[in-house]
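J.: Provided below are the primary sequence and the corresponding predicted coordinates.
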Amino acid sequence: MTIFKGIKQEIMEDPLNQTFTDRGVPPLFKASRDATIAIVGQAPGRKAEETQLFWNDPSGDRLRDWMGITREQFYTTDKIAHLPMDFYYPGKAKSGDVPPRKGFAEKWHPRLLEEMPKLETIILIGAYAQKYYLGKRREKTLTETVRNFERYLPEYLPLVHPSPLNHGWLNRNPWFVEEVVPELRKLVAIVL
């Protein structure tokens, strides 16, 4: 059994994840000893949980476009790891999804990252990932953090969420597509 399969089994056996395990829902993440980039987002969506494919929705289509890679490359390469802040779909809130559970990433991310010695850059998608990984180093707002992305390279690259709901944000911040997306594509091209 590989170390990652062992950790996956521990996650499934954790009492905090019992309701998911009882329903036959495995944790949704991907880790590899060969990964050089890790994508950290919020948590799998409903469709991702149902299909057991992370970023399997319009947000994922936009993310892959920003990265400049195909759907096949995104899912088959071992060079890209996927570590959401929670490995389970948290459910629906009044607007959007319920936030990832507190303490989940703190418990499991360090163990998984320790087993990925070639990791060079962690892509931080959204406020939850940026708060956890950047802490006090982040700016006052997500927009400011993403705008100042160069401050965090090469260890981290903060991004706005690629959700279609962020269309207005993208229109108000054209610098994102002009400056940040090319940097993201360059990182991914070097890896692949």
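T.: It's in. As the structure is a computational prediction, the values presented were derived from the model and not from experiment.
J.: What ranges does this protein have for its strands?
T.: 37-40, 80-82, 121-125, 156-159 (DSSP state E).
J.: Sheet partners, orientation included, of the last one?
T.: Paired neighbours of strand 156-159 in the sheet (DSSP bridges): strand 121-125 (parallel).
J.: hang on, the earlier thing: now mean pLDDT too, for the strands of the chain, in TSV please.
T.: Rendered in TSV, the data for these read as follows (pLDDT from 0 to 100):
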stretch	mean pLDDT
strand 37-40	98
strand 80-82	97
strand 121-125	98
strand 156-159	98
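J.: out of those strands, which comes closest to Glu49?
T.: Comparing the strands of the chain by their distance to Glu49 (Cβ to Cβ), the top pick is strand 80-82, with 13.5 Å. C-beta coordinates here come from the backbone N, C-alpha and C atoms, glycine included.
J.: Now do that closest one: which elements does it pack against?
T.: When contacts are defined as 3 or more Cβ pairs under 8 Å, 6 or more residues apart in numbering; DSSP states H and E, strand 80-82 sits against strand 37-40.
J.: helices or strands next to the strand it packs on in the packing?
T.: Packing partners of strand 37-40 (3+ Cβ pairs under 8 Å, 6+ apart): strand 80-82, helix 104-114, strand 121-125, helix 127-134, helix 181-191.
J.: thinking Leu142 is in contact with Val160, fair?
T.: Yes: distance between Leu142 and Val160: 6.6 Å, which falls inside the contact criterion (Cβ atoms under 8 Å).
J.: Residues in contact with both of the two, list them for me.
T.: The contact sets of Leu142 and Val160 overlap at Gly126 (Cβ atoms under 8 Å, 6 or more residues apart in numbering).
J.: what about the residue positioned nearest the centre of the chain, distance to Thr19?
T.: Centroid-nearest residue in the chain, with Cα atoms, centre = their mean: Val40, separated by 2.3 Å. As defined by Cβ to Cβ, to the nearest Å, Val40 lies at a distance of 24 Å from Thr19.
J.: Thanks again, I'm all set now.
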